[in-house]
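In: Any chance you could fold what I've pasted below:
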Amino acid sequence: MEFFGQFLVKEGAITVEQLREALDLMASENLRLGQVAVEQGLLSESEANDINREQRYTDKPFGSIAVKLGLITDVQLKDLLRIQNQRRVRIGEALVRLKHLNAEALVSELRKFKSEDHRFAVQPRDLPGYLDDNRIAEYVLELVPRVALRTSRVQIKVPRHCTRIERMAPK
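Out: So this is what the prediction gives:
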């Protein structure tokens, strides 16, 4: 499984340098939730930094921590997430804005990518029975989602006493 940008480079639709430019544009414009909260006047920079520090130790989402600390409400969190999502620049949009792809080429490449990506979709799998009540397996299954979230921002759901692992859709 590969990212859309990697696919475009592999297909020759864009160069590696063009991909880097698009990723730089995304990094400069896509705000983290704490930045949006500060911008909207719901949190101070200091409060956002405190939440970021706590996040490193708890592996909980920024918004969950902010609500738990009583700094924002659930309604405010939903509003912040909506604002963040509306502003999010995606790789295709960045490439079109930078004139590395036109809209028609983007749609065409996205169709190809989705048809290829479908072949690599991960299906839930049953875990071997001998892992039932295995403390090491339980530890690893608790660790995997945290490592995935920290390193790639991919959320993985591993229910307690699980017999299956599934990838959650990004929010």
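In: Restricting to C-alpha, output stretch 29-45 in CSV.
Out: The C-alpha trace of stretch 29-45 is given here as CSV (Å, rounded to 0.1, in the frame of the first residue of the first chain):
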residue,chain,number,x,y,z
GLU,A,29,-1.2,25.4,5.8
ASN,A,30,-2.6,22.4,7.6
LEU,A,31,-2.9,23.5,11.2
ARG,A,32,-2.9,21.2,14.2
LEU,A,33,-6.0,21.2,16.4
GLY,A,34,-4.3,23.2,19.1
GLN,A,35,-3.3,25.9,16.6
VAL,A,36,-6.9,26.1,15.4
ALA,A,37,-8.1,26.4,19.1
VAL,A,38,-5.6,29.2,19.8
GLU,A,39,-6.6,31.0,16.6
GLN,A,40,-10.3,30.7,17.5
GLY,A,41,-9.5,32.1,21.0
LEU,A,42,-10.6,29.0,22.8
LEU,A,43,-7.2,28.2,24.2
SER,A,44,-4.0,30.2,25.0
GLU,A,45,-0.7,29.1,23.5
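In: Any buried residues in that stretch, and which?
Out: Of the residues in stretch 29-45, 33-34, 36-38, 42-43 count as buried by neighbour count, 16 or more other CB atoms under 10 Å. All C-beta atoms are positioned from the backbone trio N, CA, C, and that covers glycine.
In: what do you get for stretch 9-22?
Out: So stretch 9-22, judged by 16+ other CB under 10 Å, has buried residues 9, 13-14, 18-19, 21-22.
In: TSV please, covering those and showing pLDDT, distance to residue 138 and secondary structure.
Out: Shown next, in TSV, are the buried residues of stretch 9-22 (pLDDT from 0 to 100; distance: CB to CB, whole Å; DSSP: H, G, I helix; E, B strand; the rest coil):
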residue	pLDDT	distance to residue 138	secondary structure
9	96	40	helix
13	96	44	coil
14	97	44	coil
18	97	45	helix
19	96	40	helix
21	97	44	helix
22	97	41	helix
